[in-house]
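Asker: turn this into a model:
(one chain, ligands or ions: 1)
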Amino acid sequence: MPLFGLIGYPLGHSYSADLFNDRFRKECKTDFSYRLFPLKTVSEFTKLLKDQPELCGLNVTIPYKESILPFLDHMEETARRIGAVNTIVIRRGSHDLKTVGYNTDAGGFLRSLPVDIPWSGALILGSGGAAKAVAYALQQKNIRYLFVSRTHTSECFLPYENITKEILHNHSLIVNATPVGMSPDTEGIPPLPWELLTPDHFLYDLVYNPPETRFMHAGRLQGCRVMNGEKMLQEQAGLAWDLFMDPFH
Ligand SMILES: NC(=O)c1ccc[n+]([C@@H]2O[C@H](COP(=O)([O-])OP(=O)(O)OC[C@H]3O[C@@H](n4cnc5c(N)ncnc54)[C@H](OP(=O)(O)O)[C@@H]3O)[C@@H](O)[C@H]2O)c1
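Answerer: Below you'll find the model as predicted:
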């Protein structure tokens, strides 16, 4: 009875269990199941592996995409370069097990990005696991980017209050890679100088619950094109599915 799941905390916002369990049903994999495993601390991961001997793979979400790294036996090259993991494959032998970390967020983001837009550059809001995966994906497309952060201060991290008209003119893609606006705190909105946004801007929110965040709504009021994280969710889950199913072919 192969078991898969999602670790993170809290997990009320996640659609992953529905997504995987629907696909198991569609593909007649009736023995397979996917469950949510909310872990209050990342160190509970080791106990989870012991308590769930049928666990073959996990997805990782906020806030553990980076803090999970020391608990893994191996990291695939893309995940190592990004420095964040959102998919773990668990290989069990008769006496031991090995965990391998992957990152499908970068590939999922790339596949979801509209191809018809000549981006002048990108602002990535946040500096966590998803922000790093987005940065890696943009590098593959030769799109230059800056992180916008509340906490980091260095050349490639810009404080929100330093976003000027000129910076916005040179960065037409703005990606929200923070949990701001995500259910249940749907009133949250990143502190951008909203009046300076124009119809040339494309606002991409990695948040998919709710389907329209305040970030997207405020962008639409300025005439911007907007998109939520639903397509990326589907794409990254598809890539994780391929990794999970590999041993079962
Ligand atoms: N659609 C998808 O497939 C998909 C995939 C991955 C992630 N996501 C979503 O992306 C979001 C970020 O996920 P993550 O795993 O990267 O989380 P994370 O590792 O915890 O990082 C979130 C980052 O957001 C910033 N942040 C946190 N709280 C904030 C606040 N109150 N105000 C402003 N900034 C704040 C922080 O950056 P600073 O301290 O530098 O400001 C933090 O590093 C989540 O909502 C997640 O659900 C969606």
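Asker: need phi/psi at the residue most central in space within the chain.
Answerer: For the chain, the residue nearest the mean C-alpha position is residue 130 (4.3 Å; Cα atoms, centre = their mean). Dihedral angles of residue 130 (phi, psi; degrees, to the nearest 10) stand at phi -70, psi -40.
Asker: my guess is it meets residue 65, correct?
Answerer: Yes - between residue 130 and residue 65 there is a contact at 7.1 Å, judged by Cβ atoms under 8 Å. No exception for glycine: its C-beta is placed from N, CA and C like everyone else's.
Asker: could you name every residue contacting both of the two?
Answerer: Both residue 130 and residue 65 are in contact with 84, 105, where contact means Cβ atoms under 8 Å, 6 or more residues apart in numbering.
Asker: run through who's touching whichever strand or helix holds residue 132.
Answerer: Residue 132 belongs to helix 129-140 when assigned by DSSP states H and E. For helix 129-140, contacts defined as Cβ under 8 Å, 6+ apart pick out 62, 65-66, 78, 81-86, 103, 105-107, 109-110, 113, 122, 124-125, 144-145, 147, 175, 177-178, 206.
Asker: could you list the buried residues of that helix?
Answerer: Residues of helix 129-140 classed as buried: 129, 130, 131, 132, 133, 134, 135, 136, 137, 138 (neighbour count, 16 or more other Cβ atoms under 10 Å).
Asker: please apply the same query to stretch 111-121.
Answerer: 111, 112, 113, 119, 121.
Asker: pLDDT of stretch 172-192, averaged?
Answerer: Average pLDDT, stretch 172-192: 97.
Asker: name the residues of the chain found near the ligand, please.
Answerer: Counting by Cβ under 6 Å from any ligand atom, the chain comes close to the ligand at 61-63, 65, 105, 108, 126-131, 149-152, 177-180, 182, 206-208, 229, 232-233, 236.
Asker: how is this protein divided into domains?
Answerer: Domain segmentation of the chain under automatic domain parsing yields 3-103, 106-231.
Asker: so which of those domains is nearest residue 240?
Answerer: Residue 240 lies closest, by Cβ to Cβ, to one member of the domains of the chain: domain 3-103, at 4.4 Å.
Asker: could you work out the end-to-end span of the closest one for me?
Answerer: 20 Å (Cα to Cα, to the nearest Å).
Asker: residues near the closest residue to residue 203 other than its chain neighbours, how many?
Answerer: The shortest distance from residue 203 to any non-neighbouring residue, by Cβ to Cβ, 6 or more residues apart in numbering, is to residue 219 (3.8 Å). Applying other Cβ atoms under 10 Å, we find 25 residues neighbouring residue 219.
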